[in-house]
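Enquirer: No sequence on hand, only this structure:
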């Protein structure tokens, strides 16, 4: 009886290990090519931009220099359906340019142009005070699931430095298994104004 019990226990342990291995494979990020990764990045940045813009419109900046703006909580509609829940603050003043954004975003089947996004992202932006010319540092971290035009689970750990126009000057980190330097980014400069465009 003891021998049978030992054999049964060993067999059960082996089955459990095989099951765990199968689950790990299912949970792993799918392999996608560089083109799909770029499209996924475009959809994620579009989703973030849309959510933060809606959040900012509902919570206008204080225009008070110094200190941290009060935190706010808001559910916003996504461009083509679904919802994003934001918690944090957005404080952007166009002239003189002041950018201080820190929000946590949870996507609930948020539809962008052609991709459904679920998951969580932390997003922040701030002016790099040490730089001679205007530079804004943007950071994305989190884990998102995409379905539709792009099907992938992507870990996000990106740091992007852009100029006043939103053009990327420096990229660091990884997105969807790809080094940031292999991807292209251009951020919408939410700190721009019609007056600035008129001066051009």
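Expert: Alright, I've got the coordinates. Note that the structure is predicted; figures quoted are calculated from it, not measured.
Enquirer: Phi and psi next, for residue 35.
Expert: Note on residue 35: backbone dihedrals following degrees, to the nearest 10 are phi -60, psi -40.
Enquirer: Check residue 39 too.
Expert: According to degrees, to the nearest 10, residue 39 has phi -70, psi -40.
Enquirer: Residue 145 now?
Expert: Dihedral pair for residue 145: phi -110, psi 130, per degrees, to the nearest 10.
Enquirer: For it, grab the count of nearby residues.
Expert: Using other C-beta atoms under 10 Å, residue 145 has 15 neighbouring residues. Just so you know, the C-beta spots here come from the backbone N, C-alpha and C atoms, and that holds for glycine as well.
Enquirer: repeat for residue 178
Expert: Neighbours of residue 178 (other C-beta under 10 Å): 18.
Enquirer: Residue 97 too?
Expert: Residue 97 - counted by other C-beta under 10 Å - has 16 other residues nearby.
Enquirer: Quick check, it in contact with residue 133.
Expert: No. Using C-beta atoms under 8 Å, residue 97 is not in contact with residue 133, being 11.5 Å away.
Enquirer: Name every strand pairing with the helix or strand residue 99 falls within and say which way it goes.
Expert: For residue 99, the host element (DSSP states H and E) is strand 98-111. Paired with strand 98-111 in the same sheet, following DSSP bridges, are strand 83-93 (antiparallel), strand 115-127 (antiparallel).
Enquirer: buried ones in the shortest one?
Expert: Going back to what we said before, that points to strand 83-93. Neighbour-count burial for strand 83-93, counted by 16 or more other C-beta atoms under 10 Å, picks out 84, 85, 86, 88, 89, 90, 91, 92.
Enquirer: Lowest-confidence entry in those?
Expert: Looking at the buried residues of strand 83-93 by pLDDT, the weakest one is residue 92, with 78.
Enquirer: so where's the chain uncertain?
Expert: Flagging of the chain using pLDDT under 70 yields the residue ranges 1-31, 61-68, 94, 129-131, 190-200.
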